[in-house]
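1. My questions concern the predicted model and sequence given below.
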Amino acid sequence: MTALSTDAPIGVFDSGVGGLSVLRAIRAALPMEDLLYVADSGYAPYGDRDAEFIADRATTITELLLDAGVKAIVVACNTATVVAIEKLRAWCPVPVVAMEPAIKPAAQTTKSGVIGVLATSRTLASPSVARLCAAYGKDIAILLQPCPGLVEQVEKAQLHSDVTRELLVGYLSPLLLAGADTIVLGCTHYPFLAPLIREIVGPDLAIIDPATAVAKELARRLQGNLLPVSAERAAEVSFFSSTAAEPASMIISALWGSRVLVQDVSQLGYRAQRLGLISTGF
Ligand code: DGL
């Protein structure tokens, strides 16, 4: 790899569009940094894939982002994190920041002593979540609620549809009945459903989205590696997807809140070529 420039972009990826909830927190915290976002929507949801497949996708996307010259990577996907983060960190030459369901802050702030964690089945069944529950669940009840179907709804930008509401009511009702006062959003797709979740659970429950904490951690890691951008300038956010560019542009624009042009992920390879970072096409 070529030497890292402080003006190099930061790469962010997810199984799909969910990581945009992390990207917007990064954009707010680090407005001068160029960002490359990869939505692996052609392969979403990861939750239904086996671990080897998810680890392979995480490796492929990380390699593409490295070829495009990124100075840091954010794995904006809880599922990819629990499956692949150790392997990824073992070889990746730039700082890698990843997700973790916010069980610790929820456990520290609950008053009722009951918290609910919404995430994919794969995330909830992982050793990482078992470790968090063992560490912070001694004096409280941690209810793990898998939410099949929600990622698919967000991938279609169906944030308020009847189907989405029905799914959410089904997943949230047992948590409410059990007395949960705190809901952890343990999948990066779910913050897009926060307004509907709020409607269902009412005004008093705490809903915890770890995106801001992840953006803070990224800023800290950049400082630690002396890699923050060197000067004030207009930063760019570029979007790439492994699904057809036109529908991806519509969905990502809807979730991002402004019209953006999404490129095919193969363009990341061409981008790297243009910059002279790799010699072969993708
Ligand atoms: N956004 C991903 C996460 O945080 C969704 C995983 C999936 O595609 O199943 O876990």
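-> Nice, thanks for sending it over.
2. Up against the ligand, what does the protein have?
-> Proximity of the chain to the ligand (CB under 6 Å from any ligand atom) is limited to residues 14-16, 18, 44-47, 77-79, 120, 123, 151, 187-189. Placement of C-beta: from N, CA and C, glycine included.
3. Among the residues you listed, name the ones in helices.
-> 78-79, 123, 151 (DSSP state H).
4. Looking at those, which is nearest residue 64?
-> Nearest to residue 64 among these is residue 79, at 19.1 Å by CB to CB.
5. ok, the nearest residue to the closest one once chain neighbours are set aside to residue 267 distance?
-> Among residues not flanking residue 79 along the chain, residue 46 sits closest, at 4.6 Å (CB to CB, 6 or more residues apart in numbering). Separation of residue 46 from residue 267 (CB to CB, to the nearest Å) stands at 22 Å.
6. So for the two, which sits in the more crowded spot?
-> residue 46 (27 against 17; other CB atoms under 10 Å).
7. mind listing what the more buried one touches?
-> Residue 46 makes contact with 15, 40, 54, 57, 77, 79-80, 83, 120, 122, according to CB atoms under 8 Å, 6 or more residues apart in numbering.
8. can we see that at 10 Å?
-> Residue 46 makes contact with 14-16, 18, 40, 53-54, 57-58, 77-80, 83-84, 120, 122-123, 151, according to CB atoms under 10 Å, 6 or more residues apart in numbering.
9. can you count the residues close to residue 235?
-> Neighbours of residue 235 using other CB under 10 Å come to 16.
10. go on, residue 130?
-> Residue 130: 13 neighbours (other CB under 10 Å).
11. Show me where this protein dips below the pLDDT cut-off.
-> 1-4, 270-282 (pLDDT under 70).
12. Strands along that one, start to end?
-> 10-14, 35-39, 72-75, 96-98, 114-119, 141-146, 182-185, 206-208, 237-241, 262-264 (DSSP state E).
13. Output those strands as a markdown table; include the columns distance to residue 28.
-> Below are these laid out as a markdown table (distance: least, CB to CB, whole Å):
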| stretch | distance to residue 28 |
| --- | --- |
| strand 10-14 | 13 |
| strand 35-39 | 12 |
| strand 72-75 | 14 |
| strand 96-98 | 16 |
| strand 114-119 | 23 |
| strand 141-146 | 28 |
| strand 182-185 | 17 |
| strand 206-208 | 17 |
| strand 237-241 | 12 |
| strand 262-264 | 21 |
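14. Those: which one's closest to residue 171?
-> strand 141-146 (5.3 Å).
15. Could I have the ChimeraX command that selects the buried members from the contacts of residue 46?
-> Here is the ChimeraX selection string for the buried members of the contacts of residue 46, based on 16 or more other CB atoms under 10 Å:
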select :14,15,16,18,40,54,57,58,77,78,79,80,83,84,120,122,123,151
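16. burial count for the closest residue to residue 16 other than its chain neighbours?
-> The shortest distance from residue 16 to any non-neighbouring residue, by CB to CB, 6+ apart, is to residue 44 (3.6 Å). Using other CB under 10 Å, residue 44 is surrounded by 25 other residues.
17. who are the neighbours in contact with residue 44?
-> Neighbours of residue 44 in contact, by CB under 10 Å, 6+ apart: 14-18, 57, 77, 79, 151-152, 154-155, 189, 242-243.
18. Among those, find me the one that's closest to residue 130.
-> residue 79 (15.2 Å).
19. Thought residue 45 was touching that closest one, still the case?
-> Yes: counting by CB atoms under 10 Å, residue 45 is a contact partner of residue 79 at 7.9 Å.
20. Common neighbours of these two, please.
-> With CB under 10 Å, 6+ apart, residue 79 and residue 45 have common neighbours 15, 18, 120, 122, 151, 187.
21. dump the residue contacts of the second one.
-> Contact partners of residue 18, counting by CB under 10 Å, 6+ apart, are 39, 41, 44-46, 76-79, 99, 150-151, 154-155, 185, 187-192, 255.
22. Using neighbour counts, give me the buried entries of the residues you listed.
-> 39, 41, 44-46, 76-79, 99, 150-151, 154-155, 185, 187-192, 255.
23. sorry, back to before: can you pick out the most distant pair from the shared contacts of residue 79 and residue 45?
-> Top of the distance list for the shared contacts of residue 79 and residue 45 (CB to CB): 18 and 122, 13.9 Å.
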